[in-house]
Every structure is written in C-alpha cells, then in structure tokens.
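1. Give me the fold of what follows.
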Amino acid sequence: MSARRPLKSGRCLQSSVVLLGVLTLASTGARAAPLRPLVSLARARVTYQLGRSLDPEVRRRAASTLVRMTPTPATVAALGQALATDRDWRVRQAACRTLGQLGRRARRALPVLERTLLGDCRPEVRIEVARSLIQINPRVRSVARALGRAVRNDQIADVRKLAARALGSMGRHAAPVLPDLERALATEQDGQVRRLLSQLLARIGHGAVPALVRLLSSSGRDVRFAATLALGRLGHRARQATGVVARLLDDRDPYVRSAGIWALGRLGSRDAVAPLVRLVREDEQAGMRKAAAIALGRIGPRAPGVVGALQHALQLDPSGRVRWAAAWALGRMGPRAAPAILALQRTLLRDPRDKVRGAAARALGSMGPRARRARRALRHACSRDGSPEVRRQTVAALRMIEGG
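-> Take a look at the predicted model:
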C-alpha cells in the first residue's frame, strides 16, 4: 500500500493539471465564469498534493504549478508552510520560487522567507529566497534587517550578492541596516559583492556618508576603492567628504588614487580644485593627469587657476591623452573657458594627434559666438587638415559659432 501512494498522488496531480488546462483555455474567452468551480477544484487539489503527498517530486511539481493559478491567501499560506517545513530542499526551493513569481501578492509569506534566508541549511534555498525578495520588493524593516544579516554573515557569495541586490531595490529604506553594510564592506572578499555594496550604500543616500568616510581609513585597498566609488556616486550629496577624499590623491595605491580623482570630479566642490590643479601640472603618471583634467572639466571654472592649468596641459603636456582630456574639459566649460581660445586655436593647427585636434575644434564650437575670432583657424583646418574627422568637427564648430 505504501508503495502505491506516491503513484496515486501523481495521478491526482495529473488530473489537477488537466483542470488547470481548462482554466487556461477559459481565461482566453468570454465564457470563463462557468468554469470557476473547476478552477477552485484544481487549486484545491494541487494545494492538497503540496502538503500531503508522500512523493517529494509530486510536491515539487505542485509548488511549481501553483504559480499558474490565481493566488489566494490559502495558496500563499500553503507555499509558506512548504517552505518552512518540507524536508526536501527541492520542494522548499520550488515553493520559494513560486512565491517570488507571485510578487507582491506573496507578502503574507515574508516572515517565513526571512526565517528561511537566515536559517535554511541549503544554500540553493537561501539563494532562491534572496532572489524572491528581489521580486517581491518589500520595503519592510524586518526584511531589511534579515537581508543585512545575510549580507554580513552568510558563507555563500551568491547569497550575499543577491541579498545586496534585494537591499538595493529597497533604496533608502535599507538605511536601518547601515551598520551591517559597513561591517560587510569592511570584510568582504568577493569583488562582485563589494561592488554591489558600494552601489547599495550610494542608493541609501546622504545618510551613508559617515560610514563611507570611516571606510576610507581601512587598510584594505579594495575597501577604500569601493567606499570612494560610493562617495563619487553620491555626487553633491557627499560634498562634506571632499577633504577626506582629497587625501586619497596621495594614496599609495594607484587604483585608489584614480578613484579619488573621479570622485572629486563627481562631488563638484571648489575645495577639490587646488589638489586637482596640482595633479594636472605635476603628477608623473599621464593617466593621473588625464583623470585630473577630466575631473576639473566636471567641476568647471569655479575657482581661479582651473582654465590656466588646462591651457598649460593642452599646450605643453607630452601625453596626447592628457592634451585630449584638457581640450575636452575646456569644451565642457563652454563660454566660461573663453580665455583658452588662443590655446585651442594653436592646438587645432599644430597638434600631431587627430583626436586632440578634433577635441580642440569641438571645444571652440561649444563656446558659440564667443569664439568668433577662431573662425579663421577653423576654416584653415577645414580646408587643410589631413583628417576627415577633424574637418567634420571644424564644420560643426563653425556652424555653432555662426549660429547655424
């Protein structure tokens, strides 16, 4: 008798699937109302199989089938019960996947999902719980706390990664778990998880700035790098951290230095201008000088010396990448960089790099009528330059200057 029960359960499930097929056909027509009793019967049969079948494969198929039926509170409760008590991890995984596919309609199962995320012995189930919480997207403090504990403590990187993504979907509602996130970022060894934590802290907003500033003093290069990127993503909301980020320009690690330069450009504070000008003029590495020039272009001519430093780099820097960055930065400033018109004309006519000459032409065009005195140089380049791309850029610049 015991050997036959799973087979009988499988047949019952097959009959439930037949009823589900009737439901699917009826839902496409105008006469679905007469079939509603069959729909309820199908749902009841599948729910019964989920809780009572002796065959774990039947229970798993039942959990997967319920997603195709209109959910009821009883359906969600049965899936939550299976997730909490079923001994077969594949059944728990299927129940969790179905809850995630139900989206916000599965909010009643949130307490079970929280407990499973923190307590299930199978990483496959915990991964599915974190994925389901992304789909349900609850903005509930208790869920945020559970996800924060998972990010900090779970031994499986994929669980931590998905938990961080679930918190990221909560945005500023994840602020209550900032201490957990700070500790997690300080100790995380997986690069993808660190990147997600950095993005998550930026999404939380201004409230994450103190934690990120503390992380800048970490002895770990990757931690400092991730915290710097998060502050840069916050932009003007993290301007109070400009002084601390500026100290990273002297960091022993080049990756952290480059991240600090990028972040200063995003913060947009005038206090960042002096150290960036020093880098453009004095740093030995062309990559750092280029990054500093781009950062100055993002900040704009808010302090004296910006346009002058960029002109110096445009005319005298031995690296074509740095000269291009200086031309790009001056073009981004538009008419406010008018004192550099003469330097841009010289670059347009004399620089050996096509890309640099094209950037100089674009910069002159961005100044509009303020660059009228550069029309002669632009026309000369338009007729004589050996690069078709540079000639095209000069034509576009002349149109912008002449108002066409």
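
2. from here on, contacts and neighbour counts on C-alpha atoms
-> Noted.

3. R126 touches L117, doesn't it?
-> Yes. At 4.9 Å, R126 counts as touching L117 under the criterion of C-alpha atoms under 8 Å.

4. of these two, who's got more company?
-> When R126 is set against L117 and neighbours are counted by other C-alpha atoms under 10 Å, the residue ahead is R126, at 30 against 27.

5. now the more buried one: how far from A164?
-> Taking C-alpha to C-alpha, to the nearest Å as the measure, R126 falls 13 Å from A164.

6. got a list of contacts for stretch 219-226?
-> Stretch 219-226 is touched from outside by 185-186, 194-195, 198, 215-218, 253, 255-256, 259, with contacts defined as C-alpha atoms under 8 Å, 6 or more residues apart in numbering.

7. now these: which count as buried?
-> By the neighbour-count criterion of 16 or more other C-alpha atoms under 10 Å, the contacts of stretch 219-226 include these buried positions: 185-186, 194-195, 198, 215-216, 256, 259.

8. can you put those in TSV and add secondary structure and distance to Q93?
-> TSV is the format used below for the buried ones among the contacts of stretch 219-226 (DSSP: H, G, I helix; E, B strand; the rest coil; distance: C-alpha to C-alpha, whole Å):
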residue	secondary structure	distance to Q93
L185	helix	28
A186	helix	31
R194	helix	27
R195	helix	27
S198	helix	29
L215	helix	36
L216	coil	39
V256	helix	41
A259	helix	40
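
9. ok, the residues you listed vs A363, which is closest?
-> Taking C-alpha to C-alpha as the measure, A259 is the one of these closest to A363, at 25.9 Å.

10. Retrieve the pLDDT associated with the closest one.
-> A259 is assigned a predicted lDDT (pLDDT) of 96.

11. tell me the secondary structure for the residue lying closest to K355 once chain neighbours are set aside?
-> By the measure of C-alpha to C-alpha, 6 or more residues apart in numbering, the closest residue to K355 outside its immediate chain neighbours is W324, 6.9 Å from it. Using DSSP: H, G, I helix; E, B strand; the rest coil, the three-state assignment for W324 comes out as helix.

12. burial count for W324?
-> Using other C-alpha under 10 Å, W324 has 25 neighbouring residues.

13. Correct me if wrong: it contacts L314.
-> Yes. Under the contact definition of C-alpha under 8 Å, W324 touches L314, with a separation of 7.4 Å.

14. how close does R87 sit to V307?
-> For R87, the distance to V307 (C-alpha to C-alpha) stands at 69 Å.

15. So which of the two has more stuff around it?
-> For R87 and V307, the more surrounded residue by other C-alpha under 10 Å is V307, and the numbers stand at 25 against 11.

16. Could I get the contacting residues of the more buried one?
-> With contact set as C-alpha under 8 Å, 6+ apart, V307 has these partners: 301, 330, 337, 339-340.

17. Next: A327.
-> Applying C-alpha under 8 Å, 6+ apart, the residues contacting A327 are 310, 314, 344, 356, 359-360, 363.

18. Please convert those residues to a markdown table, extending it with distance to R247.
-> Conversion of the contacts of A327 to a markdown table gives the following (distance: C-alpha to C-alpha, whole Å):
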| residue | distance to R247 |
| --- | --- |
| L310 | 22 |
| L314 | 26 |
| L344 | 32 |
| V356 | 31 |
| A359 | 31 |
| A360 | 32 |
| A363 | 31 |
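
19. Out of the residues you listed, who's the most crowded?
-> A360 (34 neighbours).

20. hang on, it packs against L348?
-> Yes. With the criterion set as C-alpha under 8 Å, A360 and L348 qualify as a contacting pair; they are 5.6 Å apart.

21. pLDDT below threshold where in the protein?
-> Per-residue confidence for the chain (pLDDT under 70) gives these ranges: 1-39, 404.

22. repeat that with 50
-> Along the chain, the model assigns pLDDT under 50 to residues 1-9, 19, 22-23, 25-31.

23. I'd like the distance from the most centrally placed residue in it to G287, if you could.
-> When the chain is reduced to its mean C-alpha position, the nearest residue by C-alpha atoms, centre = their mean turns out to be Q199, at 5.5 Å. In this structure, Q199 and G287 are separated by 25 Å, where distance is defined by C-alpha to C-alpha.

24. Check R384 too.
-> Here the distance between R384 and G287 works out to 32 Å (C-alpha to C-alpha).

25. Touching, R203 and G168? I think so.
-> Yes. In this structure R203 lies within contact range of G168 using C-alpha under 8 Å: 6.9 Å.

26. Secondary structure element for R160, which one?
-> Assigning secondary structure by DSSP states H and E places R160 in helix 157-170.
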